[in-house]
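Engineer: Let me see the structure of the following:
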Amino acid sequence: MAPAIRWNRWPGRRLALIGSVVALVLSACGSSGGGGSAGGGGQSTTGPPQRGGSLTYLVSGPLATWDRGLDPASAGSAPLIFEDAIFGQLFRLGAKGNIEPVLASGYAFSDGGKKVTITLRQGVKFQDGTPFDAAAVAWNFNRDLTTPCVCSPVTSWPKLAPEGITTPDDHTVVLNFSRPYGAVMPALITTSANHIASPTSAQKMGDQFKLKPVGAGPFTVVSNIVSSQLALQRYDGYFRQGQPYLDKLTFKTIQGDQAAYQAVQAGQAQATQLTTPSLIQQASQNGQLQVSKLTGTAPATVQLNTAIPPFNDKRAREAIYYATDAGAINSHVMNGMFSLTQSFTGPDGLFYQAKVPGYRTHDKAKAKQLVQQLGGLKVDLISGNDTVSNLTLQSLQSQWGEAGIQTTIHPFPDLARTIQEFTSKKWQSALQLAGAYDPAVGAALPFRFQSSAVYSGVHDPTLDQMLDQAAASTDKNQRAQQYQQIAKYISDNAYAPFLFAQTTAGTAVKGVTIPGVTSKLPLAGGFLGPSWDEAWMAKQP
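Structural biologist: Predicted coordinates for the structure are as follows:
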């Protein structure tokens, strides 16, 4: 009997702020290894991996919405956690943030950073039996660059040179850029270009490919009840012999952190991701669970639309900076669990800068003075609608009110409404995420600050040039200096106050090992990035 493939929606879900941003990206937005420790049940199961078992992973927020399908060229960034299992990855971040080849075997720069040569593993086959070769990868890259999806690498890659993407042989793909681009690999990892679909199946299946896509990853699709449940099974032809270890992997949607935590406790699932501070603390004290805490690399920020009133006036932007006390929100509302920052990465990201010279910190008197100069200040503030975002919205509304700023908050229940606001260009301020493991990737700074970006509130040619220059170099020290200058430039112009990098927690029952959930792996995007081909479960006695 053919597997069930049905369109369905789970009513009543709420999209999280943190996830909304990632669905817009990238993404995102990201976290690197380190910065947390296992709690509660301790570390994941030790010993050699065991083969077999069925694992259920609960998703909520934007991860619970894949109504655009699972084709990497059009799905958006929300389903990345599923796509990793189905398509595998060309590259992923290692435990220390290094670029590790997976389906690729390596990469190299040449021509001053304008040319990037990617080599592929030989002998790999897609799940439909066709060859995973240079022609297939180039076909995917070219398709990804022409799609309007925000997951496209076009949001971060510079324009290609006239020769475009070339394939010197069956296992080599060359990206020929019009200018140097040193950040290409971290950027690739966060986009659809990292997930290679079978051209044969994509062309043969048409729209059905979005429901039951075919890749070269560790799992194949058994059934897909859209935005409700995705059932996968082991792909025995996966290039790593003996992997994946699991027989089956199922993703189920659930309504928020509280419900997910209770379901894992009740044995209805084996793992999930928690973002609510109080629940993370509860889970950490639960002896039946493993909790791995990671500090995100995409800090929450208050985007200001500088193209329209009131924030086309720098004094209004400065008033928001002075009226905002991120430290108080973190201490009194988030249980001190988040990491404060004045720039666009968290502690585990590249080029993290907690303090920026000249940054306007909380000063209610100065905020009041600026509001008086302006003759009053009324602000609309939009955001997603989950526990963390709602707590932050209410805190900002209160703090700004003490400075005389009248604030109307709009926690939108779905991502589509947030996108509508940004595309209308009439929004005033937005509580979103801005950043990623590498600030150059499309889901990070360009997404929120580049003039040409749909979701940017800033239109500054000087900043555009600074962003392009920082992404170009292959020298990390040089890039670090350039991003310090960018952080100061954003601060000096009061373009968007940064708040904190949120702590997220991979949570699983004892006996389950999922790298990236029960142990720390860098997050190129805004959610946990499990290595599904290495996940396994200890057999129960």
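Engineer: The stretch 401-541 of the chain: helices as residue ranges?
Structural biologist: Remark: helices assigned in the stretch 401-541 of the chain by DSSP state H, counting those that start in this stretch are 415-424, 445-449, 461-472, 476-492.
Engineer: Packing partners of the shortest one?
Structural biologist: In terms of contact count using 3 or more CB pairs under 8 Å, 6 or more residues apart in numbering; DSSP states H and E, helix 445-449 is assigned the packing partners helix 461-472. To be clear about C-beta, it is placed using only N, CA and C from the backbone, and glycine gets the same treatment.
Engineer: same check, this time on the third one
Structural biologist: Taking 3+ CB pairs under 8 Å, 6+ apart as the contact definition, the neighbouring helices and strands of helix 461-472 are helix 445-449, helix 476-492.
Engineer: between the helices of the stretch 401-541 of the chain, which gets nearest to residue 244?
Structural biologist: Using CB to CB as the criterion, the shortest distance between residue 244 and those is 30.3 Å, found for helix 415-424.
Engineer: Could you give the secondary structure assignment for residue 81?
Structural biologist: Per DSSP: H, G, I helix; E, B strand; the rest coil, the local secondary structure of residue 81 is helix.
Engineer: What count of nearby residues applies to it?
Structural biologist: Residues lying near residue 81 (other CB atoms under 10 Å) number 20.
Engineer: Hmm, residue 63 and it touching each other?
Structural biologist: Yes - with contact defined as CB atoms under 8 Å, residue 81 and residue 63 form a contacting pair (6.0 Å).
Engineer: and residue 274, which of the helices of the stretch 401-541 of the chain is closest to it?
Structural biologist: Sorting those by CB to CB, the top spot, which is the nearest, belongs to helix 415-424 at 20.3 Å.
Engineer: What residues of that closest one count as buried?
Structural biologist: 415, 417-419, 421-422 (16 or more other CB atoms under 10 Å).
Engineer: average pLDDT across it?
Structural biologist: pLDDT averaged over helix 415-424 equals 87, rounded to a whole number.
Engineer: circling back to that earlier point, of the helices and strands packed on helix 461-472, flag the one that's most buried.
Structural biologist: For the helices and strands packed on helix 461-472, average neighbour numbers computed from mean count of other CB atoms under 10 Å are highest in helix 445-449, which has a mean of 28.
Engineer: now what about that helix, what contacts it?
Structural biologist: Contact partners of helix 445-449, identified using CB atoms under 8 Å, 6 or more residues apart in numbering, comprise 24-27, 155-156, 301, 303, 344, 432, 434-435, 439-440, 453, 455-458, 460, 463, 467, 486, 490, 495-496.
Engineer: on that earlier part again, of the helices and strands packed on helix 461-472, which is nearest residue 120?
Structural biologist: Among those, helix 476-492 sits nearest to residue 120 (CB to CB), with 26.1 Å.
Engineer: So which other helices or strands are in contact with that closest one?
Structural biologist: In this structure, helix 476-492 makes packing contacts with helix 461-472, judged by 3+ CB pairs under 8 Å, 6+ apart.
Engineer: buried ones in the helix it packs on?
Structural biologist: Under the neighbour-count criterion of 16+ other CB under 10 Å, helix 461-472 has 463-464, 466-472 buried.
Engineer: Export only the CA atoms of that helix, formatted as PDB.
Structural biologist: The C-alpha atoms that make up helix 461-472 are tabulated as PDB, following Å, rounded to 0.1, in the frame of the first residue of the first chain:
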ATOM      1  CA  PRO A 461      24.700  52.700   1.400                       C
ATOM      2  CA  THR A 462      27.700  53.100   3.700                       C
ATOM      3  CA  LEU A 463      26.600  50.200   5.900                       C
ATOM      4  CA  ASP A 464      25.900  48.100   2.700                       C
ATOM      5  CA  GLN A 465      29.500  48.600   1.600                       C
ATOM      6  CA  MET A 466      30.800  47.800   5.100                       C
ATOM      7  CA  LEU A 467      28.800  44.500   5.100                       C
ATOM      8  CA  ASP A 468      30.000  43.500   1.700                       C
ATOM      9  CA  GLN A 469      33.600  44.100   2.600                       C
ATOM     10  CA  ALA A 470      33.400  42.200   5.900                       C
ATOM     11  CA  ALA A 471      31.900  39.200   4.000                       C
ATOM     12  CA  ALA A 472      34.600  39.200   1.300                       C
END
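Engineer: okay, the angle between that helix and helix 476-492?
Structural biologist: On the basis of axes from the mean of the first three to the mean of the last three CA atoms, to 10 degrees, helix 461-472 is oriented at 160 degrees to helix 476-492.
Engineer: if we can go back for a sec, for the helices and strands packed on helix 461-472, which has the smallest mean pLDDT value?
Structural biologist: helix 445-449 (a mean of 89).
Engineer: Poorly predicted segments of the protein, please.
Structural biologist: Within the chain, the segments meeting pLDDT under 70 span 1-46, 77-78, 442-443, 523-527, 540-541.
Engineer: sorry, back to before: quick check: of the buried residues of helix 461-472, which lies closest to residue 194?
Structural biologist: Using CB to CB, residue 471 comes nearest to residue 194 of these, at 17.5 Å.
Engineer: In this model residue 181 seems to touch the closest one, though I could be wrong.
Structural biologist: Yes - look at residue 471 against residue 181 with CB under 8 Å: they come within range, at 6.2 Å.
Engineer: coming back round to it: as CSV, the helices and strands packed on helix 461-472 with distance to residue 528 would be great.
Structural biologist: Compiled in CSV, the helices and strands packed on helix 461-472 are given as follows (distance: least, CB to CB, whole Å):
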stretch, distance to residue 528
helix 445-449, 20
helix 476-492, 25
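Engineer: Sweet, I'm off.
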